[in-house]
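>>> What would the 3D arrangement of this be:
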Amino acid sequence: MSRYPAIRLRRTRVAPWSRRLHAETVLTPADLIWPLFITAGGEEEPIASLPGVSRWPVSGIVARAKEAAALGIPCVALFPNTPADKRSDEGEEALNPDNLMCQAIRALKDAVPEIGVLTDVALDPYTSHGHDGLVDAAGYVRNDATADVLVQQALNQAAAGADIIAPSDMMDGRIGLIREALEEEGHVNVQIMAYAAKYASGFYGPFRDAVGSRGRLKGDKKTYQMDPANAEEALREVALDLDEGADSVMVKPGLPYLDIIARVKAAFEVPVFAYQVSGEYAMIEAAVAAGAAERDALVLETLLAFKRAGCSGVLSYHAPHAARLMGA
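Residues are numbered from 1 along each chain as shown. Okay, the predicted model is just below:
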């Protein structure tokens, strides 16, 4: 085995060109998905707990999608903030073909057809209680009844033009039911990106502010989202979703679960995505605001960590900033 000084690992680190040449992991704008929040109002609505992130009316969503396309970001993810008077215990607004989500999908496909549109399938933006599904008298989220509604929600979004259906609810069996329904309705090219390993995390607070569910949530989501202590269970969840017809899988949150991302990629060799969630974004912004860190370095380093762990792509609120840095 060669030894120092015959081997000096610093040789390849001396110059920027050499560091680029020897980079084992490459990050590009094509690795990013930009999450966007939709409002029924006519103006931009800054989100206090997500500094630099806003809810946008449909016209603003279109403008952001055009921005994404110009930056080389291939896909945007949509999340609605449903008005209070349209929320209910059963979340019926999710099935309205003219709800905020469907309005935005149609507008994007008309104005920016080259951009991919990923849509969230879950009931929490539509329910008065803030849960992802239908709740019984004891407060338990009913699995099979919820899955039936999620199928209809997915078909509603597919009919509006969604390219990727992303069920984030963590109900058992819903991927197979949605895949079967999409096939039967002729949506054979609509992808499913399953939130396969979504943990009951403390990092979701700002997101719940953004979609208006935090103040409404009764109890917690631990009976359907995963226990942060479990890793083997994540592999079982991923295996089931793939067997039921998922085209890709997601791990959520991101940075605290890089070990899960790496294990999923090694075990299944399928496209794996991560969601760099609202709490992760807010922590970076708080560190920058406190003078404890430099935004550009943190943004690129964290995104690179996802790629190094095995991700095909990352949902990140920093997506446009990162794309600009990569294009600089």
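>>> all helices of the stretch 101-250 of the chain, in order?
Applying DSSP state H, counting those that start in this stretch to the stretch 101-250 of the chain gives helices spanning 143-160, 174-184, 205-210, 232-244.
>>> Low-confidence ranges, this protein, go.
Within the chain, the stretches with pLDDT under 70 are 1, 328.
>>> in it, which spans are strands?
Using DSSP state E, the strands of the chain run over 32-39, 45-46, 54-56, 75-81, 116-121, 164-167, 191-198, 248-252, 272-276, 313-316.
>>> could you redo those strands as JSON lines and give each row distance to residue 264 and mean neighbour count?
Using the backbone N, CA and C atoms, a C-beta is placed for each residue, glycine as well. Converted to JSON lines, the strands of the chain look like this (distance: least, C-beta to C-beta, whole Å; neighbours: other C-beta atoms under 10 Å):
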{"stretch": "strand 32-39", "distance to residue 264": "18", "mean neighbour count": "24"}
{"stretch": "strand 45-46", "distance to residue 264": "35", "mean neighbour count": "12"}
{"stretch": "strand 54-56", "distance to residue 264": "32", "mean neighbour count": "20"}
{"stretch": "strand 75-81", "distance to residue 264": "20", "mean neighbour count": "23"}
{"stretch": "strand 116-121", "distance to residue 264": "19", "mean neighbour count": "24"}
{"stretch": "strand 164-167", "distance to residue 264": "16", "mean neighbour count": "26"}
{"stretch": "strand 191-198", "distance to residue 264": "7", "mean neighbour count": "26"}
{"stretch": "strand 248-252", "distance to residue 264": "6", "mean neighbour count": "26"}
{"stretch": "strand 272-276", "distance to residue 264": "5", "mean neighbour count": "27"}
{"stretch": "strand 313-316", "distance to residue 264": "14", "mean neighbour count": "24"}
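>>> and residue 303, what does it touch?
Residues near residue 303 by C-beta atoms under 8 Å, 6 or more residues apart in numbering: 27, 31-32, 276, 314, 316, 318, 322.
>>> now residue 170
So, once contact is read as C-beta under 8 Å, 6+ apart, residue 170 ends up touching 132, 195, 198, 224-226.
>>> swap in residue 225?
So, once contact is read as C-beta under 8 Å, 6+ apart, residue 225 ends up touching 170, 198-201.
>>> how about JSON lines for the strands of the chain, with distance to residue 93 added?
Formatted as JSON lines, those follow (distance: least, C-beta to C-beta, whole Å):
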{"stretch": "strand 32-39", "distance to residue 93": "13"}
{"stretch": "strand 45-46", "distance to residue 93": "19"}
{"stretch": "strand 54-56", "distance to residue 93": "16"}
{"stretch": "strand 75-81", "distance to residue 93": "9"}
{"stretch": "strand 116-121", "distance to residue 93": "14"}
{"stretch": "strand 164-167", "distance to residue 93": "17"}
{"stretch": "strand 191-198", "distance to residue 93": "21"}
{"stretch": "strand 248-252", "distance to residue 93": "24"}
{"stretch": "strand 272-276", "distance to residue 93": "24"}
{"stretch": "strand 313-316", "distance to residue 93": "24"}
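>>> and of those strands, who's closest to residue 144?
Among the strands of the chain, the nearest to residue 144 by C-beta to C-beta is strand 164-167 (14.5 Å).
>>> Given the closest one, what are its sheet partners and their directions?
strand 116-121 (parallel), strand 191-198 (parallel) (DSSP bridges).
>>> Would you reformat the ones you listed as JSON lines and include distance to residue 157?
Output for the strands paired with strand 164-167, formatted as JSON lines (distance: least, C-beta to C-beta, whole Å):
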{"stretch": "strand 116-121", "distance to residue 157": "4"}
{"stretch": "strand 191-198", "distance to residue 157": "11"}
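>>> Return the closest of the contacts of residue 303 with respect to residue 145.
Nearest member of the contacts of residue 303 to residue 145, counting by C-beta to C-beta, is residue 276, at 32.2 Å.
>>> Contacts only, for that closest one.
With C-beta under 8 Å, 6+ apart, residue 276 has these contacts: 253-255, 302-303, 306, 314-318.
>>> In contact with the spatially closest residue to residue 220 that is not a sequence neighbour: list those residues for me.
Nearest-residue entry for residue 220: residue 200, 6.7 Å, with adjacent residues in sequence omitted and distances by C-beta to C-beta, 6 or more residues apart in numbering. Each residue near residue 200 by C-beta under 8 Å, 6+ apart is listed here: 220-222, 225-228.
>>> Now which of those would you call buried?
221, 225-226 (16 or more other C-beta atoms under 10 Å).
>>> possible to save those as JSON lines with distance to residue 164?
Output for those, formatted as JSON lines (distance: C-beta to C-beta, whole Å):
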{"residue": "221", "distance to residue 164": "23"}
{"residue": "225", "distance to residue 164": "21"}
{"residue": "226", "distance to residue 164": "22"}
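>>> Quick check: of the contacts of residue 225, which lies closest to residue 95?
residue 170 (20.0 Å).
>>> All set now, cheers.
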